[in-house]
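Undergrad: coords please:
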Amino acid sequence: MPGPVRAVIAFQLRRAAPHTPICLDWNGDLSKHFGLVPGKPNAVVIAADGTGYPVDVRSEGVEERIETLVEALRTRMLTTR
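TA: Numbering: from 1, shown residues only. Okay, the predicted model is just below:
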């Protein structure tokens with residue numbers, strides 16, 4: 001993906017989720033680690049312990065599922081401290 005397109009995508013993500021750390025895996029390193037399909041839309045929510053939770057971003061309700069997963073992980077982090 002050309003650099004200018006990457007910059008636009010990164011800007012849009014920062015604006016849409018300013019308080020959520022997001023890693024854009026341009027080289028596919030995390031894709032290999034979490035067993036994702038190259039060239040397909042993929043998302044992985046990574047917990048503080050490094051556990052990855054792949055999310056199918058092509059289906060309905062993906063935003064709600066990601067928010068629910070992130071909230072569950074936040075709750076788990078707060079209760080296990």
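
Undergrad: how far out from the middle of the chain is whichever helix in the chain runs longest?
TA: For the chain, the longest helix by residue count, based on DSSP state H, is helix 62-79. Helix 62-79 has its C-alpha centroid displaced from the chain centroid by 12 Å (C-alpha atoms, centre = their mean, to the nearest Å).

Undergrad: Not counting its own residues, what contacts it?
TA: Applying C-beta atoms under 8 Å, 6 or more residues apart in numbering, the contact partners of helix 62-79 are 20, 43, 45, 47, 48, 53, 55, 56. Bear in mind the C-beta positions are built from the backbone N, C-alpha and C, glycine included.

Undergrad: In this structure residue 41 contacts residue 59, no?
TA: No: taking contacts as C-beta atoms under 8 Å, residue 41 lies outside contact range of residue 59: 10.3 Å.

Undergrad: between the two, which one's more packed in?
TA: Neighbour count, other C-beta atoms under 10 Å: between residue 41 and residue 59, residue 41 has more, with 11 against 8.

Undergrad: Quick check: pLDDT value at that one.
TA: Listed pLDDT for residue 41 reads 75.

Undergrad: Need the CA coordinates for stretch 33-40. CSV is fine.
TA: Output of stretch 33-40 as CSV, limited to C-alpha atoms (Å, rounded to 0.1, in the frame of the first residue of the first chain):
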residue,chain,number,x,y,z
HIS,A,33,1.8,-14.6,14.5
PHE,A,34,-2.0,-14.7,14.9
GLY,A,35,-2.7,-16.9,11.8
LEU,A,36,-4.6,-14.3,9.9
VAL,A,37,-5.4,-14.5,6.2
PRO,A,38,-3.1,-12.2,4.1
GLY,A,39,-5.0,-9.8,1.8
LYS,A,40,-8.3,-10.1,3.7
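
Undergrad: So which bits of that stretch are buried?
TA: Judged by neighbour count using 16 or more other C-beta atoms under 10 Å, the buried positions of stretch 33-40 are residue 36.
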